[in-house]
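Enquirer: Structure here, sequence nowhere to be found:
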C-alpha cells in the first residue's frame, strides 16, 4: 500500500512580489496568493487526505485552510517546526541587500535540516506505520483517508527533501528538483511496508492560472538543487 505525501508551498505574499526577505516574519497572502491557495484546493479536492500539517505562519495556515475546505473533518496541525528558515536581521530587507558583516540571528542550515528531519520522523513516519498496521489487520475504513498534507515554505521544503534523499527517499526518473514555486505541489509516494519512497512530482504548478512568482527571498534563501 502507498501513502502519498502532498507537500505544498504557501501562496504568494506581497513580500514575495516585492522581493522582501520574509524568513519567519508572519506575513499574509496577497490577493493573488489567496487565489492560488483556492486553486491548490481544487487540485487536491479528490486526494485521500487523512492528516494535515502546516507551518504556524499565516501564509502557510491560510493556504492549508483553503485546501481543507474540500476535506471536512480533517484537523490542521500547526507546527513551528515547519516554519521557514529564521534569517535574523535580514528579515524585512530587500533580497538584493548586502551587509558588511555576517547577519545576526540567522538559523544555521544544519539546525534547520535537523528540525525538519526530526519532525518528519516524529510526525509522518508514525502515521505511515499506522496505515501499514491497519492494512495488515484489514481495516479498510481506516485506509480510506491515508494521505498526508504538508504546507510549508520553499527553504524548509528544500532542506527536508535534501535530508530525505540522503535516506529512504529517491527521485523518480524524469523528475527534476529545482525551484519550489508559490502554491506548488510536490508528491512523495511511500510504501507502507518498507517506509521507502520516491518523489514523483516536484514544484508542480500546472493547476495554476495567472502569474506565478519564480524569484523571491524564500526560494533563494537555501539551495534548491537536492
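Expert: Thanks, I have it. Just so we're clear, the structure is a prediction, and the values are computed from it rather than from any experiment. Numbers count the residues shown, from 1 in each chain.
Enquirer: State the phi and psi torsions of the most far-flung residue of the chain relative to its centre.
Expert: No residue in the chain sits farther from the centre than residue 100, which is 32.5 Å out by Cα atoms, centre = their mean. Backbone torsions of residue 100, given as degrees, to the nearest 10, read phi -90, psi 20.
Enquirer: again with residue 190
Expert: The phi/psi pair for residue 190 (degrees, to the nearest 10) reads phi -120, psi 130.
Enquirer: Could you list the low-confidence segments of the chain?
Expert: Counting by pLDDT under 70, the low-confidence segments of the chain come to 136-143, 214-226.
Enquirer: That one: strands as residue ranges?
Expert: Per DSSP state E, the chain carries strands over the ranges 2-9, 49-55, 76-79, 147-152, 169-171, 185-191, 197-204.
Enquirer: deepest of those, which one?
Expert: Greatest average neighbour count among these goes to strand 147-152 (a mean of 26), per mean count of other Cβ atoms under 10 Å. C-beta here means a position set from N, CA and C on the backbone, and glycine is covered the same way.
Enquirer: can you give me the angle it makes with strand 49-55?
Expert: 10 degrees (axes from the mean of the first three to the mean of the last three Cα atoms, to 10 degrees).
Enquirer: Quick one: list the elements packing against strand 147-152.
Expert: Where contact means 3 or more Cβ pairs under 8 Å, 6 or more residues apart in numbering; DSSP states H and E, strand 147-152 is packed against strand 2-9, strand 49-55, helix 58-68.
Enquirer: closest to residue 203 out of the ones you listed?
Expert: Evaluated over the helices and strands packed on strand 147-152, closeness to residue 203 peaks at strand 2-9, with 7.6 Å, by Cβ to Cβ.
Enquirer: Nice, that's everything, thank you.
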